[in-house]
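S.K.: One predicted model, sequence on top.
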Amino acid sequence: MRRIAEEKQGICLLTKPLPGVACRLIMREEFAVFCGAEHPLFGRSEVGARELAREPFVAFSCATEGMGLEPMSMLRDGLGIGRRITASSHDLGEIRRMIIAGIGIGILPVDSVGPELDSGQIWRLRIADHVLGADVFLVFPDTGALSDSEQRFVDTVEEIKALYPDMT
């Protein structure tokens, strides 16, 4: 959000639009809790949130450093998991590899693990009555201080959203 204060634009996960900043919803990102093939919960059709609370957790570094990735922290805290962080990284691929290696369970975007799910390296832990997600927003200063190219980008995003209203 510091970049927005510096009159830049960005794409980020938010739980809700922020006051004083123009926020355009782009899409809803679906997340899930995953474990590796050697994990004791691998293959279970449904898991209770209480069971997951005891498990070692692999986290995004920014979700452990203050308000860096607040929606990710809220997803984790909403389930009561991630109290025992065993590893962290800023890199999605590295988080995925650590989960596959059995270092702990973790939350990932569902779209980021297709090949690993298909090959049986990773397992989606379904939690009864819990759907994890976060909204992806285009954010920029609401002062109208965008360059021509930045404004064209915002306009293009708006045009695409109008053409594909079901995208969100």
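M.R.: That came in fine, so what should we check first?
S.K.: remind me, longest strand of the chain?
M.R.: Secondary structure of the chain per DSSP state E: the longest strand is strand 21-36.
S.K.: Extract the C-alpha set from that strand and format it as PDB.
M.R.: Extracted in PDB, the C-alpha atoms of strand 21-36 (Å, rounded to 0.1, in the frame of the first residue of the first chain):
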ATOM      1  CA  VAL A  21      -7.800   4.500  -2.400                       C
ATOM      2  CA  ALA A  22      -9.500   3.500  -5.600                       C
ATOM      3  CA  CYS A  23     -10.100  -0.300  -5.500                       C
ATOM      4  CA  ARG A  24     -11.400  -2.100  -8.500                       C
ATOM      5  CA  LEU A  25     -12.300  -5.800  -7.900                       C
ATOM      6  CA  ILE A  26     -10.700  -7.900 -10.600                       C
ATOM      7  CA  MET A  27     -11.500 -11.400  -9.400                       C
ATOM      8  CA  ARG A  28     -12.000 -13.700  -6.400                       C
ATOM      9  CA  GLU A  29      -9.000 -16.000  -5.800                       C
ATOM     10  CA  GLU A  30      -9.900 -19.400  -4.300                       C
ATOM     11  CA  PHE A  31      -7.500 -20.800  -1.700                       C
ATOM     12  CA  ALA A  32      -7.300 -24.200   0.100                       C
ATOM     13  CA  VAL A  33      -5.200 -26.000   2.700                       C
ATOM     14  CA  PHE A  34      -2.800 -28.600   1.200                       C
ATOM     15  CA  CYS A  35      -0.500 -31.300   2.500                       C
ATOM     16  CA  GLY A  36       2.100 -33.500   0.800                       C
END
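S.K.: quick one: the helices in the protein?
M.R.: 2-5, 49-53, 61-64, 70-79, 92-100, 114-118, 148-163 (DSSP state H).
S.K.: Let's have those in a markdown table, adding mean neighbour count, distance to F42 and mean pLDDT.
M.R.: For glycine as for every other residue, the C-beta is placed from the backbone atoms N, C-alpha and C. Output for the helices of the chain, formatted as a markdown table (neighbours: other CB atoms under 10 Å; distance: least, CB to CB, whole Å; pLDDT from 0 to 100):
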| stretch | mean neighbour count | distance to F42 | mean pLDDT |
| --- | --- | --- | --- |
| helix 2-5 | 12 | 40 | 55 |
| helix 49-53 | 15 | 13 | 84 |
| helix 61-64 | 18 | 24 | 64 |
| helix 70-79 | 18 | 18 | 63 |
| helix 92-100 | 19 | 11 | 97 |
| helix 114-118 | 12 | 12 | 96 |
| helix 148-163 | 12 | 38 | 89 |
